[in-house]
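In: no sequence for this one, just the structure:
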């Protein structure tokens, strides 16, 4: 890989690093083993997140099975995971886009009904169906999730810890 910002002809050295996954919009997601390149001439940094679809599916799965209610940032993450704009999401769940914005910005607490609906929508989209979300929900299992740590290897992203 070469730097695209400067005329450095030198191949950038690949390293593995640990980063906060800011692109998710969540404050508590850490990624280990991320590909990292830095140009020694201009200082530009490049990160390789690999299969982001799989990465986001793992995070979505952790969020729908967590014990506590969803917060605004988690709602926004799951909405975007579903591939919906705020306007389309609002129409789908019977709200105005202003109300969705208030939920996502933690101006209003998310109702239990919306919480369950969003988790159900996401559960139906997840690629792995080796669980029964509805049985899980009826038993109210799950654990508190303060942080999510994922690592990557030659096989892709794996959940390391959700605690």
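Out: Nice, I can see it. Model, not experiment: these values are computed from the prediction.
In: average model confidence for stretch 119-133?
Out: Mean pLDDT, computed over stretch 119-133, is 77.
In: repeat for stretch 77-87
Out: Regarding stretch 77-87, the rounded mean pLDDT is 97.
In: And it, end to end?
Out: Taking Cα to Cα, to the nearest Å as the measure, stretch 77-87 stretches 15 Å from start to finish.
In: Also stretch 12-31?
Out: So stretch 12-31: terminal residues 21 Å apart, Cα to Cα.
In: same thing with stretch 66-85?
Out: 24 Å.
In: Nearest spatial neighbour of residue 101, chain-adjacent residues omitted?
Out: Nearest residue to residue 101, sequence neighbours excluded (Cβ to Cβ, 6 or more residues apart in numbering): residue 86, at 6.3 Å. The way it works is simple: take the backbone N, C-alpha and C, and place the C-beta from them, glycine included.
In: Might one say that the one you found is in contact with residue 79?
Out: Yes. Between residue 86 and residue 79 there is a contact under Cβ atoms under 8 Å: 7.0 Å.
In: more neighbours, these two?
Out: Taking other Cβ atoms under 10 Å, residue 86 and residue 79 do not tie; residue 79 has more neighbours (23 against 19).
In: Check which helix or strand the more buried one maps to.
Out: Using DSSP states H and E, the element containing residue 79 is helix 72-81.
In: where does residue 20 fall, phi/psi-wise?
Out: For residue 20, the backbone dihedrals (degrees, to the nearest 10) come out as phi -80, psi 140.
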